[in-house]
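In: pasting the sequence and the predicted model now:
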Amino acid sequence: MKLEIALALAAFPIPALAQSQGKAEVFTSAEVHRQIVQLAEQAKSKGSSGSTLGEYGTHAIKLSERTVSGGAEIHAHFDDVMFVLEGTATIITGGSVVDPHTGRNGETTGAAIKDGVTQSIAAGDVVHVPAGTPHQLIVMPGTTYSALVVKVKE
């Protein structure tokens, strides 16, 4: 009887044991702050700047800094989850992209969004933009917008 139980347990591995044993990664607030300061300097001259904290196959963790508005975008294969760290902006979602151009990676960019929904976002807000959703970030002149962005592969 004990042998039968042991064989049954071996045939049905416990899910917790089957999970991968990956290495956890911690991005300290000091490291994130240091990168945001560097990105802010770059964004002053370029209008925007970004860096990647980590890439993991199913998702990537990025930092984004903007001092100017971005163009319209549609990500074919990635959801965007934005954690607003600093500043304010307006996000326009939905509608259609004006003058769309689709690249080889399936990403579509354009000049603006027509007939989208406009929402104000500020530090502390969390924004989820599903893959396939047109979106555009509008930053008012003289302001800075910082976010931690998790790009989740669909």
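Out: Received it, and whenever you're ready, just let me know what you need. Every value quoted in this text rests on a predicted model; they were computed, and no experiment measured them.

In: quick one: the helices in the protein, in order.
Out: 2-11, 15-18, 29-46 (DSSP state H).

In: and the end-to-end length of stretch 115-126?
Out: One end of stretch 115-126 to the other measures 23 Å (Cα to Cα, to the nearest Å).

In: and what of stretch 92-111?
Out: 13 Å.

In: D80 reaches P134, doesn't it?
Out: No - between D80 and P134 there is no contact under Cβ atoms under 8 Å: 11.9 Å. Glycine gets a C-beta too; all of them are placed from N, C-alpha and C.

In: out of the two, which sits in the busier spot?
Out: It is P134, of D80 and P134, that has more neighbours when counted by other Cβ atoms under 10 Å, with 24 against 20.

In: list the contacts of the closest residue to G57 other than its chain neighbours.
Out: Closest residue in space to G57, ignoring its immediate chain neighbours: K153 at 7.5 Å, by Cβ to Cβ, 6 or more residues apart in numbering. Counting by Cβ atoms under 8 Å, 6 or more residues apart in numbering, K153 makes contact with G57, T58, H59, H77, F78.

In: ranking the helices of the chain by mean pLDDT, which is last?
Out: Among the helices of the chain, helix 2-11 carries the lowest mean pLDDT, at a mean of 42.

In: give me the nearest residue to G110, chain neighbours excluded.
Out: V97 (3.7 Å).

In: kindly apply the preceding question to L53 instead.
Out: Per Cβ to Cβ, 6+ apart, closest to L53 is I61, 4.3 Å.

In: could you list which of the contacts of K153 belong to strands?
Out: H59, F78 (DSSP state E).

In: how many neighbours does the spatially closest residue to G70 that is not a sequence neighbour have?
Out: Nearest residue to G70, sequence neighbours excluded (Cβ to Cβ, 6+ apart): L137, at 4.8 Å. Residues lying near L137 (other Cβ under 10 Å) number 23.
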